[in-house]
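> Predicted structure and sequence below. I'll ask about it afterward.
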Amino acid sequence: MSIPQSGGGPIERRDQLAEYLESGCKPKEDWRIGTEHEKFGYLSDTHEPLPYDGPRSIRAVLEGLRDRHGWAPVEEGGHLIGLTKYGANVSLEPGGALELSGAPLETIHQTCDEVNVHLREVKGISDELGVGFIGLGAAPEWMHSEMPLMPKGRYKLMDAYMGRVGTTGTTMMRRTCTVQVNLDFGSEADMVKKMRVALALQPVATALFANSPFFEGRPNGLKSYRSYVWRHLDDARTGMLPFVFEEGFGFERYVDYMLDVPMYFVYRDGKYIDALGQSFRDFMEGRLPALPGETPTLSDWADHLTTAFPEARLKKFIEMRGADGGPWRRLCALPAFWVGLTYDQGALDAAWDLVKGWDTETREALRVAASEQALQATVNGISMHDLAGEVVAIAEAGLKARACPGAGGLLPDETHFLNALKESIETGQVPADELLEHYEGDWNGDLGRIYGAYSY
């Protein structure tokens, strides 16, 4: 989840909202890669979720990272709720999942090194505390009543609102995890093509990274339960954004969409003010019930942009949001997948050619089918397995064209980060399939075996 934004002055013209998004345009040489991943913490002996406080807790892990590895603390209301260092931050998801929001880096080699260092730091501290962390798309066993809510004002407000809209909002907050990558764009036209490719092909990422076949102690009948949760959360702020594919889409049209997304809060003086369900349009006119007579700043707009959760989200960059959290190799494979597709013009054009004929119904059907069947899905004659093979081949070509060497020049490019995905295409099996095979085979239905087998 995002942290409060800062540094924005007063909004005096509606045009400033689109200009804020447009200010993210960068020349290609300045494009960067920001990888984010979440993971569930648990007590090693009982497999219970980590509490916020206590000798074996989320707070203890954060304190260990702060004291041993030089991370600067982020506090709210006297509670340690995050850390920052070198352009990266460690933050807490509502149910206590630990998230690394990586620094903007030039290559996937660098972002994968960052992941390695982070997981090594976390494991060193966790082993001493008797806790563990595991990468999955959904908590395999825990019930809602077992999950703590982290002491952040934003989460308290969201939790109350989630209970009134959709059916799965509080589940999303407490019991799902993702890996995502944040990518840049060079112009409005570049943003438009990247958003269209990102949304259309997000179901392929959902299928390839599907890793949540269990929930509340048993198989749930899906390959990505996390995707199911997002599909039933809140129609006003989630989904595949059909308007992105309409003629004339650009920064202004995205502003129109965001102005119609109901508000959650306004952040003032270190506190979250309840604006649940209220209108940013009213805020622009000084008619927000939460702050009567007051008008927003660009910081408020930046905060509001973080409260929509479509499959691809536009801010000053684009967030790819369709993948389940997972094992180490796929934490590096996710940025490789999307960088390969979008950071080389030839690859981006090829990806768009692949999807530009699809209609709204096809894109949505692919999204649902990916959640249910992963690579075994077929929609309107489109085989997800075959489609994934084509898409990964395009991504591989894009990474070869980028030709970013690593390991002191021993690796000529970033293509090896796609190996986990290529293996899935060769076998037709994604992580969810592997988990189900273990559950039905050598685990003999004992889901507790998942922690020892799949923790970091």
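Received it, and whenever you're ready, just let me know what you need. Numbering: from 1, shown residues only.
> Show me what the helix-or-strand element of the chain with minimal mean pLDDT is packed up against.
Using mean pLDDT, DSSP states H and E, helix 153-162 stands out as the lowest-scoring helix or strand of the chain, at a mean of 91. Packing contacts for helix 153-162, counted by 3 or more Cβ pairs under 8 Å, 6 or more residues apart in numbering; DSSP states H and E, involve helix 169-175, strand 265-268, strand 271-274. Every C-beta, even on glycine, is put in place using the N, C-alpha and C of the backbone.
> Out of those, which is closest to P219?
helix 169-175 (15.7 Å; Cβ to Cβ).
> and the residue in the chain sticking out farthest from the centre, what is it in contact with?
Within the chain, G293 marks the point farthest from the mean C-alpha position, 35.3 Å out by Cα atoms, centre = their mean. Going by Cβ atoms under 8 Å, 6 or more residues apart in numbering, G293 touches G286.
> hang on, the earlier thing: next, format the helices and strands packed on helix 153-162 as JSON lines and append distance to A374, mean pLDDT and mean neighbour count.
Listed next are the helices and strands packed on helix 153-162 as JSON lines, based on distance: least, Cβ to Cβ, whole Å; pLDDT from 0 to 100; neighbours: other Cβ atoms under 10 Å:
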{"stretch": "helix 169-175", "distance to A374": "20", "mean pLDDT": "95", "mean neighbour count": "25"}
{"stretch": "strand 265-268", "distance to A374": "36", "mean pLDDT": "95", "mean neighbour count": "20"}
{"stretch": "strand 271-274", "distance to A374": "37", "mean pLDDT": "94", "mean neighbour count": "16"}
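> Could I get the contacting residues of F40?
With contacts defined as Cβ under 8 Å, 6+ apart, F40 is in contact with 49, 96-97, 133-136, 139, 177.
> For my notes, confirm the residue farthest from the centre of the chain occurs in a strand.
No: under DSSP: H, G, I helix; E, B strand; the rest coil, G293 sits outside any strand and is assigned coil.
> What values do phi and psi take at it?
Main-chain torsions, G293, degrees, to the nearest 10: phi 90, psi -10.
> per-residue confidence at it?
Looking at G293, its pLDDT is 95.
> And for the one 10 residues further on?
Model confidence at D303, expressed as pLDDT, equals 96.
> What of the one 4 residues further on?
According to the prediction, T307 has pLDDT 96.
> Next up, the contacts around the residue nearest to it when sequence neighbours are not counted.
Computed as Cβ to Cβ, 6 or more residues apart in numbering, the closest residue to T307 that is not its neighbour in sequence is Y264, at 4.9 Å. Neighbouring residues of Y264 by Cβ under 8 Å, 6+ apart: 154, 157-158, 161, 275-276, 307.
> List just the nearest of those residues to W31.
Set against W31, the nearest of the contacts of Y264 by Cβ to Cβ is T307 (25.9 Å).
> any idea how far L305 is from D256?
Using Cβ to Cβ, to the nearest Å, one obtains 13 Å as the distance from D256 to L305.
> Please say which of the two ends up with more neighbours.
L305 (21 against 12; other Cβ atoms under 10 Å).
> quick one on the thing from earlier: tell me which of the helices and strands packed on helix 153-162 sits nearest to D235.
The minimum distance between D235 and the helices and strands packed on helix 153-162 falls on helix 169-175, with 11.4 Å, by Cβ to Cβ.
> can you list contacts of that closest one?
With Cβ under 8 Å, 6+ apart as the test, helix 169-175 has contacts from 93-95, 138-139, 142, 144, 147, 149, 155, 158-159, 161-163, 215, 229-230, 233-234.
> Distance from that helix to the middle of the chain?
Put simply, helix 169-175 sits 14 Å off its chain's centre (Cα atoms, centre = their mean, to the nearest Å).
> buried stuff in whichever helix or strand comes after that helix?
Using DSSP states H and E, the next helix or strand after helix 169-175 towards the C-terminus is strand 178-183. Across strand 178-183, burial judged by 16 or more other Cβ atoms under 10 Å covers 178-183.
> neighbouring strands for strand 178-183, and are they parallel or not?
Paired strands of strand 178-183, with direction, are strand 33-43 (antiparallel), strand 318-324 (antiparallel) (DSSP bridges).
> Quick check: C404 is in a strand.
No: assessed with three-state DSSP, C404 is coil; it does not lie in a strand.
> Now it: closest residue in space, sequence neighbours ignored.
Leaving out its chain neighbours, C404 is closest to T107 (Cβ to Cβ, 6+ apart), at 4.5 Å.
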